[in-house]
Structures are given as C-alpha cells and as structure tokens.
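Visitor: What follows is a predicted protein model with its sequence.
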Amino acid sequence: MMTKSWGRALVAMLAMMLAPVSALAAAGIAVDGQIGFQDAVTPVAEYIHWFHNILLVIITVIVVFVLGLLLYVMWRFNAKANPVPSKTTHHALLEVAWTVIPIIILVVIAIPSLRLLYLQRDIPVADMTIKAIGNPGWNWTYQYPDLGIENDEPKVSFIQNLLPEDQAKAKNVPYLLAADVPMVVPVNKTVKMIITSDPAGIIHAWTIPSFGMKIDAVPGRLNEDWFKATREGVYYGQCSELCGKNHAFMPIEVWVVDDAKFKAWSDFVLTGPDDAALQDFLKTIMPAQPMMASN
Ligand SMILES: [Cu+2]
C-alpha cells in the first residue's frame, strides 16, 4: 500500500513534469507552492531555464518509454502468457541500436550544455566590476573599484548584514533574505563579479537564483562570474556553501535600478554617509519588492 508521503512525492513529481518552469514563480524570491525556478532576469538564467525545460522533455520521454517496455515485457512474456521462452541470445541490430541511440541523445544534450558553460564562464567585456568578499563574521563585503580608488582601497566598500527579524517585519521585507544594505547595480549593464572570501575565513558561495548565478567564495582565490540583469527589482540570494553556524544568516540582496538611480546612489555613497542617512536615501531608489512568500 502506498504511504501518504510517497503519494505526496508522486504528486509533486508529476506536477514537476507537467508544470512549466515559471509556474507560480516570482523574480528574486521563492513563493509558497513554487516548484520551478525563480523567474529568470539574465541571459544566463534564461538559457538555464530553457535547457532545463528541454531536459525535462527528454527524460520524461525516456522514462515513459522504458516504463512502457517493462510493463509490456511483464504482460507479454511472463511464464503464463509465454510458457515456451525463445532461445535467442543475440540480436545485432537491437544491440547496436540500444548503444548508438543513447550516445546520440547524450551528444545532442552535450551541445547546449557546453554552450551554456561557455556563456557562463567566458566573461564578456564588463560595464562595471564588483568585488564580493565572504567574511568570517557571516556577512559580505562589497567593493566598487570603478567608483574610485584611494590609497589603494576602493572608495566604495561596505558590509552587508542580515536584517534582524524585528526590523524585517517592520519594513515588510522577508526575514533571512533581506539585508541591511543592498548591493546596487544598474539595469541592462554587464556586471563582472569578483568573488572571494576573507583569507582568515572559510568558503562561502555567492548566489542570486534569478540571475542563474552561483559561485564559491574561496579564501585566497579570486573567482569570477557575470550577470546582466534585464529587469529592475529586488533580488535575493543566500550563502550557498555550508560555511558554519551562521550559514543560514548571511543573505544577499541586490537592487537592480535604472541608470539615473544608480548614478544617484553612487554619488551618495561616495559622500560617505552615516547609516541613518544611507537608509533614508535608499528609500528613494528602492525598486518594487517582489511578491512576498508568506506575510
Ligand atoms: Cu557562508
């Protein structure tokens, strides 16, 4: 007899096969009942979703075909239905077919797979560069070298912390995803990210699901990745490498804003404002919040 949890798993699996990837999804945040990805807002994320949908069709066809064969064999060749079994042991054409067809399927899958890898890993000429550093204190440092360097240090460098639960409730933003200050980028611009971790620290991973981007922040190593966000908004991510006791408490928040707002933001942060002034300013450029998960 099928247990309840198995039944639920089966229903979820069927729903996953039938649901297009964007059903229920929002950009920048997960929503209740969501099965597929968060909405794609970069070319890489769009490619990932497209490839995922193709693979879903391919694996579904294979599973249905193999299941059909198994059921047919069980029905047609069981001892009762087929009392005198065939003595056949080889069939050249069949053996070539079941070797060559899977190879062809794998080669067909490999083409878009390698194209995606190339799209992700071949960093295009960037409009701007941001360095993100995972800190041992379970937060992130962001540096904007393009906004100026002073005494070998970028003028704009700030730390992004978890927004505490009471403040998140008061601002009606999602606790554990919302940060005290966002990383801010302009829309439709190619942003190169240099990702690393504090040399005295541990491995973290920087990710924004809607950007189709996830890369380890490793002490002593500079990893690079890129995104080009094509839609303004607030996008959330979380440290995605089990890094220690506060792993669940180092969210990533990125605001994608228009050029004018980005210019206003960069001009403002270059004046070295205090926290209160920065928070007041941020209210004036904040994009619309994504659909909230549960409050
Ligand atoms: Cu971490």
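Guide: In hand now; what should we look at? Numbering: from 1, shown residues only.
Visitor: Does the residue in the chain sticking out farthest from the centre fall in a helix, a strand, or a coil region?
Guide: The centre of the chain is farthest from one residue, V84, which by CA atoms, centre = their mean lies 55.7 Å away. With DSSP: H, G, I helix; E, B strand; the rest coil as the basis, V84 sits in coil.
Visitor: low-confidence ranges in the stretch 151-295 of the chain?
Guide: 291-295 (pLDDT under 70).
Visitor: Report how many residues lie close to A26.
Guide: 17 (other CB atoms under 10 Å). Every residue, glycine included, has its C-beta placed from N, CA and C.
Visitor: wait, it sits on P290?
Guide: Yes: assessed by CB atoms under 8 Å, A26 is found in contact with P290 at 4.9 Å.
Visitor: which residues touch the helix or strand containing W206?
Guide: Take DSSP states H and E as the rule and W206 turns out to sit in strand 204-208. Outside strand 204-208, the residues that touch it by CB atoms under 8 Å, 6 or more residues apart in numbering are 28, 132, 134, 140, 193, 195, 197, 213-217, 227, 235-241, 243, 250, 252, 254.
Visitor: Just the buried subset of those, please.
Guide: By neighbour count, with 16 or more other CB atoms under 10 Å, the contacts of strand 204-208 hold 28, 132, 134, 140, 193, 195, 197, 213, 215-217, 227, 235-241, 243, 250, 252, 254 as buried.
Visitor: how many neighbours does V63 have?
Guide: So V63, with other CB under 10 Å, has 11 neighbours.
Visitor: and if you look at I159?
Guide: With other CB under 10 Å as criterion, I159 counts 14.
Visitor: for it, helix, strand, or coil?
Guide: I159 - assigned by three-state DSSP - is strand.
Visitor: circling back to that earlier point, ramachandran angles for the residue farthest from the centre of the chain?
Guide: phi -110, psi 100 (degrees, to the nearest 10).
Visitor: what do you get for the one 5 residues further on?
Guide: Phi and psi for T89, reported as degrees, to the nearest 10, are phi -120, psi -20.
Visitor: likewise the one 10 residues further on?
Guide: Backbone dihedrals for T99, given as degrees, to the nearest 10, come out at phi -90, psi -50.
Visitor: what about it, how many neighbours?
Guide: Count around T99 with other CB under 10 Å applied: 9.
Visitor: same deal with V184?
Guide: By other CB under 10 Å, neighbour count at V184 equals 24.
Visitor: just A110 next, same as before
Guide: Using other CB under 10 Å: A110 sits among 10 other residues.
Visitor: Name the helix or strand for it, please.
Guide: helix 92-121.
Visitor: who does the helix or strand just after that helix pair up with?
Guide: Downstream of helix 92-121, the first helix or strand assigned by DSSP H and E is strand 128-134. Strand pairing for strand 128-134, determined by DSSP bridges: strand 140-143 (antiparallel), strand 190-197 (parallel).
Visitor: Just put the ones you listed in CSV and tack on distance to H91.
Guide: Output for the strands paired with strand 128-134, formatted as CSV (distance: least, CB to CB, whole Å):
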stretch, distance to H91
strand 140-143, 60
strand 190-197, 54
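Visitor: need those strands in a markdown table with distance to the ion, can you?
Guide: As requested, those are exported to a markdown table (distance: least, CB to the ion, whole Å):
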| stretch | distance to the ion |
| --- | --- |
| strand 140-143 | 9 |
| strand 190-197 | 8 |
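Visitor: closest one to Q160 among those?
Guide: strand 140-143 (4.5 Å; CB to CB).
Visitor: excluding its backbone neighbours, what's nearest N223?
Guide: Among residues not flanking N223 along the chain, I195 sits closest, at 4.6 Å (CB to CB, 6 or more residues apart in numbering).
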